[in-house]
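J.: Sharing a model that was predicted from the sequence below.
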Amino acid sequence: MSAFEVLSKFGTLALVRFTAALALFVAVQLVRLPLLGAAWLLEFVMRVIDAHLSNLLGSRPATPPRRRRRTRRASSWTMRPSPAARPPVTPWPAGPADTGNRG
């Protein structure tokens, strides 16, 4: 179906909408290509850095880890006040809408 047939059958608006949709698709694909290239470049650089670091860390002789003394540290759980030191919870005062008759 040619453009002239579409124009005579569906009208100018349909042809303009189709052309705009096609132009938008092409624009999105053209914007996507540089972003894809940047992602590939970033992946390559990360692989090179990873391989370099793996070779550096893998070439050292293995030494046993040092044992550290376990020390007890104060945490928020141990620093909590005792329940007796907390103020008592008071109930809400009865307002004018609260008559107590909930029939």
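T.: Thanks, I have it.
J.: Compute the mean per-residue pLDDT across the longest helix seen in the chain, please.
T.: Criterion DSSP state H: the longest helix present in the chain is helix 12-58. Helix 12-58 shows a mean pLDDT of 92.
J.: now R66: how far from A21?
T.: Between R66 and A21 the distance is 66 Å, computed by Cβ to Cβ, to the nearest Å. For every residue, glycine as well, the C-beta is placed using N, CA and C.
J.: Compare neighbour counts for those two and give me the winner.
T.: Between R66 and A21, A21 has the larger neighbour count (other Cβ atoms under 10 Å), namely 10 against 5.
J.: Buried by neighbour count: which residues of stretch 48-62 qualify?
T.: Neighbour counts using 16 or more other Cβ atoms under 10 Å place no residue of stretch 48-62 among the buried ones.
J.: Grab the nearest non-local neighbour of L7.
T.: In space, and not counting its chain neighbours, L7 is closest to L15: 5.3 Å by Cβ to Cβ, 6 or more residues apart in numbering.
J.: what's the neighbour count on the one you found?
T.: As a burial measure, L15 scores 15 neighbours (other Cβ under 10 Å).
J.: same deal with F18?
T.: Neighbours around F18, by other Cβ under 10 Å: 13.
J.: any idea how far it lies from T12?
T.: Distance of F18 to T12, given as Cβ to Cβ: 11 Å.
J.: next one: V31
T.: Counting by Cβ to Cβ - V31 and T12 are separated by 28 Å.
J.: surely the residue nearest to L7 meets V6?
T.: Yes. Under the criterion of Cβ atoms under 8 Å, L15 makes contact with V6 at 5.4 Å.
J.: And F4, which helix or strand is it part of?
T.: For F4, the element it lies in under DSSP states H and E is helix 3-10.
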